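Enquirer: Pasting the sequence and the predicted model now:
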Amino acid sequence: MPTVKGDGMRGLAVFISDIRNCKSKEAEIKRINKELANIRSKFKGDKTLDGYQKKKYVCKLLFIFLLGHDIDFGHMEAVNLLSSNRYTEKQIGYLFISVLIGANNDLMKLVIQAIRNDLAGRNPIHITLALQCVANIGSREMAEGLSVDIPKLLVSGDTIDSVKQSAALTLLRLLRSSPDSIPMGEWMSRIIHLLNDQHMGVVTAAASLIENLVKKNPEEYKGCVSLAVSRLSRIVTSSYTDLQDYTYYFVPAPWLSVKLLRLLQNYPPPEDPAVKTRLSECLETILNKAQEPPKSKKVQHSNAKNAVLFEAINLIIHMDSDPNLLVRACNQLGQFLQHRETNLRYLALESMCLLATSEFSHEAVKKHQETVITALKTERDVSVRQRAVDLLYAMCDRTNAEEIVGEMLEYLESADYSIREEMVLKVAILAEKYAVDYTWYVDVILNLIRIAGDYVSEEVWYRVIQIVINRDDVQGYAAKTVFEALQAPACHENMVKVGGYILGEFGNLIAGDPRSGSAVQFQLLHSKYHLCSPATRGLLLSAYIKFINLFPEIKHIIQDVLRSDNNMRNADVELQQRSIEYLQLSSITTADVLATVLEEMPPFPERESSILAKLKKKKPSSVPEGSEQKETTASKIPAVQMSNNVDIAPPTSINLMSQGESSTDDFVDQGSPQGGSASVDLLGLGSPTQPTAPSVGSGGLLDMFDTLTSHSSAPATNGIDLGGLSGGAEEAFRKFICKNNGVLFENDLLQIGVKSEYREDLGRLWVFYGNKTTFQLNAFLVDVSTPGNLSESLSIQQKPVGGEVEAGAQVKQQFNMACVQEFAEAPVMTIQFLYSGAQQKISLKLPVVLNKYITPAEMDANTFFTRWKALNSPSQECQQIIKATSPIDHEQVKAKASGYCVL
């Protein structure tokens, strides 16, 4: 407890001594209760208590509270201490308030008034005490009540340095706890000039405050870039003797250097050539100093020096514009890969993952491939091995894919259980992305299932099935390979699933060899049947019925299996139903009908792989941003999901595998194949022939365009068309004329989905903004404009949307619209945000069209013709015949007419 000479609190010391001398908990409680009674009587009965006595009793209450006892009085006496001019009394008052008075206490208004009085005074010690109390509590009420006083202290020329420092940190605390309660005044533009302050403490505190403000509104503070570069240059070029008060183990101002480097990462590379050159020189100096012999052997020196170095490397990676700096940073990190300090190895691997995504430094990173593989095999720390896996994944390309995948497969057998699932996903992604020979891809996936079958998710084996079906050149090899894999005594259930599907479709391609004839294939699959789960058994039954079409000679054997009590009377309803239906299908239909129903599945439409999305969902940080764009054939990230009520024509094929886990609505693209005939998806990988109605009630965006529109994907460009809209905006807008839900826009950063409903003249429209990156989108702003006189015809109420969209997150914005009179134009929606410091702008037409407000009138035939005959005026009838430019699809015409509420 603070004391001042001649002002010691003997009574407090005696009380603390008594508490320490208590022999039991009961004795302590008894002594505390006695003291509480004494303090209560003093506060109530003695009106002549001076400041010293109030301070002493408040200290005792504070001590009792810290022992774990409740205090329900004395708060007003503590507030009264704030008006004292003695430092110790004011200090105890603020300490009591910071600890015992909550943000919603009734005394908070009195506290704020006392704080305001101290802030308006000229005693810097009292001002500092008040600022510390505000920072400790940081309530919204304080932010609103002191939103003028604290900024005024910060930018005033009369404020001393220590008070400025406290004011900056207090304001930062309030901005973090109640950002909306601090009004943006003229002080905001003056605050960046604190980076030029002579006092390093003020600059350090201001750097933290400015970084927080920049994250919310970078454009407002872009003038801080040149000031930050100037201050950073002065620090890195100075000797440790020049900044003795702020030198930490021979490193000049390391904390300020790190803050300035982080601040600069919120902006793109400076446009001013002089500033850009000066920044490059600073970064080169930091890299050069990393090569110098250490000035001290103490760990504090290396920690401070490396903290600045790694932050400088992060800035180099963020700028991604200077090949020389990127390569030098990579070489510097390469030296750390074999450092004896585990933390340095970890950080080096983590930073090199980001460097591997840059076109300038990718080749330099690949030079360390052997070192990374050695680290993967020999590191003791599992977190370092995890980062080694991430780096191998990031540095992989077509030139080294087979080697890296082979090494990862080899390590997978002994890998920690905590990273096996992630490794399986990464191996599957790399094998698909860089496969030149798809027989290699099949081998890799089957090896994955053999080595780590428990960690192979459904997305992985679904994907290999799709690729095998789509590639005629690999089907025979896949059938032969999976047949050999199934012959192992111990076979994982996922291998049985893959084997059942592939042999059911392409078993005839290897039936010419007596060693893999039809009966042998069937017996091999059936030997696994009783060891599998009901879902896998259902898939095998579907494979058996396919065998009847492929191998008529074993039809009676399969029928006996289907007819067995184990299947016909199975407790699982799905297996029982399949057995009965398949038996009837094979018994009563002709060979031609059976061949038509059970024909080979047509190719799946080319679609985006869902494995990368699963990896990013499991661990976003493990997929470096941009790594999926290194190859033009790379798998894209699937769309986020949104519930959709679009009415779709029923599919022409039947999905007999609708059981539990075999459903893959979120995996298989529901688009129509090119030239495929109607067929039965007996094995449950989803029908590739026609779209099916999406389920209602899921929570995200579904990228679905029905048969009314083309099956092209959403626009993926940030370009601008002739109308000032983003590229593809007009085409996307037209798709919504006849539907209410879907994806309006999509590029590598953002997906925008729309869901709407209308009733008479009122409409509600929800826009879903999905961040597809691993970085936060800042300064997110949506503005809707009404061209021409549209505002007189259409009333739009726009609800606000947050200023940030977190990585991988989705936010929703609602628009309420009322149709006043007919209109032809559409509102224009402009979305602006910052991604990695770069300004992004997207302009789209908001899909609001007049036909949405048309309400259909239901009537019988008599009512219709009565109304029709009443339209006898020439101006009420018009007929026009238009020659069709393409064949007329009656279902499409009917659907479009329904969309316009004509039918």
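Expert: Yes, it's here.
Enquirer: so what's the closest residue to residue 793 other than its chain neighbours up against?
Expert: Spatial nearest neighbour of residue 793, chain neighbours left out: residue 823 (3.8 Å); criterion: C-beta to C-beta, 6 or more residues apart in numbering. All C-beta atoms are positioned from the backbone trio N, CA, C, and that covers glycine. Residues in contact with residue 823 (C-beta atoms under 8 Å, 6 or more residues apart in numbering) are 790, 793, 794, 850.
Enquirer: PyMOL command to pick out the buried ones of those residues?
Expert: The following PyMOL line selects those of the contacts of residue 823 that are buried, judged by 16 or more other C-beta atoms under 10 Å:
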select buried, resi 790+793+794+850
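Enquirer: Which of the contacts of residue 823 fall within strands?
Expert: residue 794 (DSSP state E).
Enquirer: what residue ranges in the stretch 601-750 of the chain score low on pLDDT?
Expert: Applying pLDDT under 70 to the stretch 601-750 of the chain flags residues 607-609, 612, 616, 618-724.
Enquirer: Closest to residue 104 out of the contacts of residue 823?
Expert: Nearest to residue 104 among the contacts of residue 823: residue 794, at 43.9 Å, using C-beta to C-beta.
Enquirer: The closest one and residue 767: what is the separation?
Expert: As judged by C-beta to C-beta, to the nearest Å, residue 794 and residue 767 stand 16 Å apart.
Enquirer: can you pull the contacts of residue 511?
Expert: Contacts of residue 511 by C-beta under 8 Å, 6+ apart are 517, 518, 521, 550, 551.
Enquirer: 7 Å - rerun?
Expert: 517, 518, 551 (C-beta atoms under 7 Å, 6 or more residues apart in numbering).
Enquirer: Just give the nearest non-adjacent residue to the second one, would you?
Expert: With C-beta to C-beta, 6+ apart as the criterion, residue 518 has its nearest non-adjacent residue at 3.5 Å, and that residue is residue 551.
Enquirer: Next, count neighbours for the one you found.
Expert: 19 (other C-beta atoms under 10 Å).
Enquirer: got any ranges where this protein has weak pLDDT?
Expert: 1-8, 240-242, 607-609, 612, 616, 618-724, 837, 872-876, 886, 895-903.
Enquirer: How much space separates the spatially most central residue of it from residue 739?
Expert: Geometric centre of the chain, nearest residue: residue 808, 1.9 Å, by C-alpha atoms, centre = their mean. Applying C-beta to C-beta, the value for residue 808 to residue 739 is 27 Å.
Enquirer: Residue 617 now?
Expert: In this view, residue 617 and residue 739 are 28 Å apart by C-beta to C-beta.
Enquirer: Neighbour count: these two, which is higher?
Expert: A side-by-side neighbour count of residue 617 and residue 739, using other C-beta under 10 Å, places residue 739 first with 22 against 11.
Enquirer: Which SSE is immediately downstream of the helix or strand containing residue 175?
Expert: Per DSSP states H and E, residue 175 falls inside helix 161-177. Scanning forward in sequence from helix 161-177 by DSSP H and E, the next helix or strand is helix 187-190.
Enquirer: just checking, what packs against the helix or strand following that following helix?
Expert: Later in the chain than helix 187-190, the nearest helix or strand by DSSP H and E is helix 200-216. Other helices and strands packing on helix 200-216, by 3 or more C-beta pairs under 7 Å, 6 or more residues apart in numbering; DSSP states H and E, are helix 161-177, helix 224-236, helix 254-264.
Enquirer: Can you tell me which of those is packed in deepest?
Expert: Ranked by mean neighbour count, the helices and strands packed on helix 200-216 are led by helix 254-264 with a mean of 23 (mean count of other C-beta atoms under 10 Å).
Enquirer: Could you list which of the contacts of residue 511 belong to helices?
Expert: The helices, defined by DSSP state H, take in residue 518 from the contacts of residue 511.
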